[in-house]
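Engineer: got a sequence here, can you model it:
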Amino acid sequence: MKVYPTPKIRNIALIAHGGSGKTTLAEAMLYNTGATTRLGKVDDGNTVSDFLPEEIKRKISISTSLVPCEYRDHKINILDTPGFADFLGEVRAALKVADNALVVVSAVAGVEVQTEMFWEEAQDLPKIVFVNRMDRENANFYRTLDDLRDKFSGTIVPLQLPIGAEASFKGVVDLLKMKALIFEPGSGKYKEEEIPADMMAEVESYKEQLIEAAAEGNDELLVKYLEGEELTDEEIRTGIAEAASKGAVVFVFCGSALNNIGVLPVMDFIVDCMAAPKDMSKEPLAALVFKTIADPYIGRLNFFKIVQGELKSDSAVYNATKEREEKIGQILVMRGKEQQPVPEAKNGDIVAVAKLAVTATGDTLTVKANPVKLEGIEFPEPTLGTAIEPKAKGDEDKLSNSLQRIMEEDPTIRLEKNTETKQIILRTMGESHTDIIVERLQRKFGVEVKTAEMRIPYRETIRAQVQVEGKHKKQTGGHGQYGHVWLRLEPSEEEFEFSEEIFGGVVPKQYVPAVEKGIREAMAEGVVAGYPVTNVKAVLYDGSYHSVDSSEMAFKLAAILAFRKGMEQAKPVLLEPIYNVEVEIPEQFMGDIIGDLNSKRGRVLGMEPRGKNQVVRAQVPLKEMVRYSIDLKSITQGRGKFKMEFDHYEEAPPKVAEEIIEKAKRERE
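Structural biologist: The predicted model follows:
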């Protein structure tokens with residue numbers, strides 16, 4: 001592939017709800033430019049952009065693929081993104097480096113949930129819409145157009161109207177050319193004919209909408225239009241191009257990606273009317289890394305967009321994020337998994353480089369003499385926690401290293417080692433995300449893992465004050481062991497308080513720290529269900545010692561005995577962690593969300609508007625929130641989002657406590 005200058009580059013992200021046909025559309029675009037010799041199919045697992053085994057198995061996109069094609073002496077960098085909420089991070093990263101978005105909408109299903117979500121994510125980009133699957137049963141272009149206008153603000157105007165629908169769909173009316181384009185299925189080619197007579201009335205109506213939209217793109221044209229003067233075809237083209245490239249109007253196309261009908265006119269429009277990258281070729285180099293592939297065999301592969309300046313193969317760059325120099329080897333143009341070497345890349349282009357030492361997603365590559373640091377990518381926070389462990393004993397280090405490699409590829413993953421529950425917690429964007437990571441661990445790194453529900457870090461405390469004695473006395477040949485303490489235990493606002501009220505040296509000062517140490521050790525495992533003890537004040541107020549047999553160890557053991565006995569007598573209770581939860585949802589789901597939070601023993605603290613949505617704030621026990629990301633997705637059809645953080649511990653209700661205690665007993669047996 002040749003090197004293209006900035007004005008000849010178009011970067012466009014394909015976004016849509018999963019199953020709308022993004023990957024199929026990308027496949028048709030590649031075929032139309034001769035990049036492939038046959039139209040791959042998602043169902044057959046042979047498309048260029050869905051090449052990962054997990055994608056082929058599930059027949060969905062789970063990772064953004066870069067699939068550039070050359071058309072009319074332009075390079076169109078197509079970013080084929082996933083269509084499911086679990087992979088929102090991939091979509092955000094692609095939109096960060098795209099200059100335009102092509103929204104694919106099914107003519108059968110209309111605007112679906114993830115289309116709404118991704119449209120919002122791409123709100124600052126110029127957009128066009130391709131109404132796909134016009135050849136399917138129940139396809140309806142006009143219903144879909146109304147749906148688009150109903151769901152999204154701004155000016156949305158068709159540039160084409162369909163000729164026929166479902167099985168009779170054969171082409172489109174081009175409202176700019178005022179011609180019927182009749183397609184030869186599969187080839188992508190078409191011939192121009194006269195518009196069918198029975199369509200002329202609606203064509204004239206939509207043509208007027210198009211002229212008005214064109215006038216919106218240019219102030220001079222708008223004045224002319226408002227003064228009642230007729231715009232020439234050339235002026236309409238100019239106005240459309242300006243309106244499209246600056247995002248003032250969203251133009252709508254239609255067709256069938258599977259049969260390659262209506263795809264070429266979209267490609268022409270991308271070249272003629274959509275935004276080219278901003279020309280900053282004279283500025284110092286600044287490139288944003290938006291994607292990383294970590295392969296156990298070929299190493300790390302970083303994808304980046306050159307935001308300003310230019311880059312040559314075999315050159316030195318400076319990672320401004322890590323403050324480290326890097327050596328650029330061969331610059332690669334990626335098409336799916338295929339690599340093509342190029343000598344250089346110009347401002348605005350999207351390319352890749354292998355085997356950089358420290359560079360990761362979100363980093364800026366620049367020049368040390370004149371460094372520039374670009375704004376990084378804001379990835380969504382993962383909300384589903386799952387405990388994982390290797391199936392094979394001794395694979396703990398291998399699992400940890402493999403997860404670190406996968407986290408290089410996917411910044412939406414978090415890994416936590418909970419020393420309290422002795423679990424490794426994998427935090428992801430959802431169930432599908434977790435399943436795919438588990439599969440990837442086995443496929444790429446040979447680590448089989450098993451998953452389990454995340455354990456809740458409960459606590460225990462006391463509700464009464466008690467005075468208890470602990471005596472450790474052991475006589476053997478030679479020196480014996482003797483430690484004797486009296487403790488007063490009482491509830492406290494602090495996690496732990498210790499003091500001593502010893503008079504007359506009944507417990508020598510040198511043994512007091514051993515008493516505290518013993519109490520702290522005993523607090524690691526309470527008497528209710530074996531959870532750590534908190535919010536206790538312990539006072540050492542009496543005891544005795546032996547001048548020969550007493551030792552630090554003896555007093556430590558005496559303190560442990562006293563504390564355990566005291567815990568049993570001081571009305572011990574189980575505490576559960578309570579989290580502050582913030583749920584953001586469209587208003588129509590308010591009642592369902594509040595009802596669900598109440599059913600989870602939550603306390604709703606308040607509500608407030610945020611843009612088009614409502615925010616519900618509540619305090620909810622962690623036990624009830626473990627699978628909340630799944631529940632929220634189900635209640636809101638994927639439209640809701642939430643975040644949570646620990647606030648405090650409080651006493652678990654008797655029924656909940658009984659269940660936890662019984663479970664702890666079973667685990668100890």
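Engineer: quick one: neighbours of D146, just the number.
Structural biologist: Here the number of neighbours of D146 (other Cβ atoms under 10 Å) works out to 14. C-betas here are computed from N, CA, C, even on glycine.
Engineer: so it belongs to a strand, correct?
Structural biologist: No. Counting by DSSP: H, G, I helix; E, B strand; the rest coil, D146 is not part of a strand but helix.
Engineer: what residues are up against the residue nearest to I425 when sequence neighbours are not counted?
Structural biologist: Nearest residue to I425 in three dimensions, chain neighbours excluded: E416, at 4.3 Å (Cβ to Cβ, 6 or more residues apart in numbering). Residues near E416 by Cβ atoms under 8 Å, 6 or more residues apart in numbering: 385, 424-425, 427.
Engineer: what's the spacing between E416 and F646?
Structural biologist: The gap separating E416 from F646 is 13 Å, by Cβ to Cβ, to the nearest Å.
Engineer: tell me, how many residues neighbour N613?
Structural biologist: Other residues near N613 number 16, with proximity taken as other Cβ under 10 Å.
Engineer: for the helix or strand where I424 lies, packing partners?
Structural biologist: I424 is part of strand 423-428 when elements are defined by DSSP states H and E. Other helices and strands packing on strand 423-428, by 3 or more Cβ pairs under 8 Å, 6 or more residues apart in numbering; DSSP states H and E, are strand 384-390, helix 396-409, strand 414-418, helix 431-445.
Engineer: just give me the neighbour total for the residue nearest to Y541 when sequence neighbours are not counted.
Structural biologist: Nearest residue to Y541 in three dimensions, chain neighbours excluded: E501, at 4.3 Å (Cβ to Cβ, 6+ apart). The number of residues packed near E501 is 10, by other Cβ under 10 Å.
Engineer: just the pLDDT for E667.
Structural biologist: Looking at E667, its pLDDT is 79.
Engineer: quick one: V581 and L597 touch, right?
Structural biologist: Yes. Shown here, V581 and L597 form a contact pair, counting by Cβ atoms under 8 Å, at 7.5 Å.
Engineer: that older thread, adding mean pLDDT and distance to I660, write the helices and strands packed on strand 423-428 out as CSV.
Structural biologist: CSV is the format used below for the helices and strands packed on strand 423-428 (pLDDT from 0 to 100; distance: least, Cβ to Cβ, whole Å):
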stretch, mean pLDDT, distance to I660
strand 384-390, 94, 17
helix 396-409, 91, 28
strand 414-418, 90, 17
helix 431-445, 93, 25
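Engineer: S492 contacts V533, correct?
Structural biologist: No. S492 lies out of contact with V533 (Cβ under 8 Å); the separation is 11.0 Å.
Engineer: so the two - more neighbours on which side?
Structural biologist: Shown here are S492 and V533; by other Cβ under 10 Å, V533 has more neighbours (25 against 15).
Engineer: where does the stretch 251-400 of the chain dip in pLDDT?
Structural biologist: Residues of the stretch 251-400 of the chain that meet the criterion pLDDT under 70 lie in 296-298.
Engineer: quick one: contacts for the residue nearest in space to the middle of the chain?
Structural biologist: Note on the chain: the residue nearest the mean C-alpha position is G89, at 3.6 Å, using Cα atoms, centre = their mean. With contacts defined as Cβ under 8 Å, 6+ apart, G89 is in contact with 379-380, 410-412, 429.
Engineer: show me which of these are buried.
Structural biologist: The neighbour count (16 or more other Cβ atoms under 10 Å) marks 379, 410-412, 429 as buried among the contacts of G89.
Engineer: any chance of those residues in TSV, plus distance to K57?
Structural biologist: Output for the buried ones among the contacts of G89, formatted as TSV (distance: Cβ to Cβ, whole Å):
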residue	distance to K57
F379	25
D410	18
P411	24
T412	21
M429	19
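Engineer: tell me which two of those sit farthest apart.
Structural biologist: Farthest apart among the buried ones among the contacts of G89 by Cβ to Cβ are P411 and M429. That separation is 11.1 Å.
Engineer: report the secondary structure state of A287.
Structural biologist: Counting by three-state DSSP, the backbone at A287 sits in strand.
Engineer: residues in contact with it?
Structural biologist: When contacts are counted by Cβ under 8 Å, 6+ apart, A287 touches 304-307, 309, 311, 317, 364-366.
Engineer: state the distance from the residue nearest to the centre of the chain to T64.
Structural biologist: For G89, the distance to T64 - Cβ to Cβ - is 9 Å.
Engineer: per-residue confidence at the residue nearest to the centre of the chain?
Structural biologist: Per-residue confidence at G89 stands at 96 (pLDDT).
Engineer: now it, nearest residue through space, not along the chain?
Structural biologist: With sequence-adjacent residues excluded and distances taken as Cβ to Cβ, 6+ apart, G89 is closest to T412, at 3.8 Å.
Engineer: test my guess that the one you found contacts G430.
Structural biologist: No. The pair T412 and G430 fails to qualify as a contact (Cβ under 8 Å) at a distance of 10.1 Å.
Engineer: how about K57, secondary structure?
Structural biologist: Assignment for K57 (three-state DSSP): helix.
Engineer: what's around it, how many residues?
Structural biologist: By the measure other Cβ under 10 Å, the count of residues near K57 is 11.
Engineer: poorly predicted segments of the protein, please.
Structural biologist: Applying pLDDT under 70 to the chain picks out residues 296-298, 477-478, 669.
Engineer: doesn't V173 fall inside a helix?
Structural biologist: No. Under three-state DSSP, V173 falls outside any helix and is assigned strand.
Engineer: can you tell me how far it is from C273?
Structural biologist: Taken as Cβ to Cβ, the span from V173 to C273 is 18 Å.
Engineer: then I594?
Structural biologist: Plainly put, I594 is 46 Å away from C273 if you go by Cβ to Cβ.
Engineer: those two: which is more packed in?
Structural biologist: Legend: neighbour count by other Cβ under 10 Å for I594 and C273, higher for C273 (22 against 16).
Engineer: quick one: contacts for that one?
Structural biologist: Per Cβ under 8 Å, 6+ apart, neighbours of C273: 240-241, 244-245, 251.
Engineer: between G89 and T64, which contacts overlap?
Structural biologist: Counting by Cβ under 8 Å, 6+ apart, G89 and T64 have no shared contacts at all.
Engineer: can you give me the strands for the stretch 501-650 of the chain?
Structural biologist: Along the stretch 501-650 of the chain, the stretches classed as strands by DSSP state E, counting those that start in this stretch are 536-544, 572-586, 603-610, 613-621, 641-651.
Engineer: quick one, helices of the stretch 251-400 of the chain?
Structural biologist: For the stretch 251-400 of the chain, applying DSSP state H, counting those that start in this stretch gives helices covering 263-273, 396-409.
Engineer: would you list those in TSV and tack on distance to E326?
Structural biologist: Formatted as TSV, those follow (distance: least, Cβ to Cβ, whole Å):
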stretch	distance to E326
helix 263-273	33
helix 396-409	15
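Engineer: most packed of these?
Structural biologist: Of those, the one with the most neighbours on average (mean count of other Cβ atoms under 10 Å) is helix 263-273, at a mean of 20.
Engineer: chain center to that one: distance?
Structural biologist: 31 Å (Cα atoms, centre = their mean, to the nearest Å).
Engineer: show me what counts as buried in stretch 630-645.
Structural biologist: Neighbour-count burial for stretch 630-645 flags 631-633, 635-636, 638-642, 644 (criterion: 16+ other Cβ under 10 Å).
Engineer: I meant to write stretch 228-242 there.
Structural biologist: Applying 16+ other Cβ under 10 Å to stretch 228-242 flags 231, 235-242 as buried.
Engineer: just give me the closest of these to D198.
Structural biologist: Minimum distance to D198 across the buried residues of stretch 228-242 is 24.6 Å, recorded for I236 (Cβ to Cβ).
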